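Colleague: Let me see the structure of the following:
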Amino acid sequence: MKVDTEGRLWTTGAGGISVHTALGEYLGVFELDEHAANLTFGGDGFSSLFMTAGTSVYRIETTARGIVPGSR
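Modeller: Predicted structure coming up:
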């Protein structure tokens with residue numbers, strides 16, 4: 001699980017990466033061909049979403065910004 005700077009919760013699970021608002025409202029899912037195992041934000045501006053799966057590592061650019069470790 002990860003939280004972005006807007007308080008949205010990003011979780012791995014069946015079907016991919018699910019995103020919920022800080023109030024718990026479901027926003028959607030990033031579907032993957034494989035079962036997502038873990039995720040993290042990184043890259044320039046902490047807006048790249050890295051996802052690990054059974055045999056692959058995925059990276060997508062987002063408009064969200066992850067919380068930089070140690071910043072809070």
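
Colleague: C-alpha from now on. contacts and neighbour counts both.
Modeller: OK.

Colleague: what about the residue positioned nearest the centre of the chain, is that helix, strand or coil?
Modeller: Nearest to the geometric centre of the chain sits Trp10, at 4.5 Å (C-alpha atoms, centre = their mean). Under DSSP: H, G, I helix; E, B strand; the rest coil, Trp10 falls in the strand class.

Colleague: neighbours around the closest residue to it other than its chain neighbours, how many?
Modeller: Computed as C-alpha to C-alpha, 6 or more residues apart in numbering, the closest residue to Trp10 that is not its neighbour in sequence is Val19, at 4.7 Å. Using other C-alpha atoms under 10 Å, the number of residues around Val19 comes to 21.

Colleague: With Gly70 as the reference, measure out to Val19.
Modeller: 23 Å (C-alpha to C-alpha, to the nearest Å).

Colleague: Surely the residue nearest to the centre of the chain is in contact with Lys2?
Modeller: Yes: using C-alpha atoms under 8 Å, Trp10 makes contact with Lys2 at a distance of 5.2 Å.

Colleague: can you give me the strands in this protein?
Modeller: Remark: strands assigned in the chain by DSSP state E are 2-3, 9-13, 16-20, 26-31, 36-42, 48-53, 57-61.

Colleague: Tabulate those (CSV), appending mean pLDDT.
Modeller: As requested, the strands of the chain are exported to CSV (pLDDT from 0 to 100):
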stretch, mean pLDDT
strand 2-3, 95
strand 9-13, 94
strand 16-20, 94
strand 26-31, 94
strand 36-42, 95
strand 48-53, 94
strand 57-61, 94
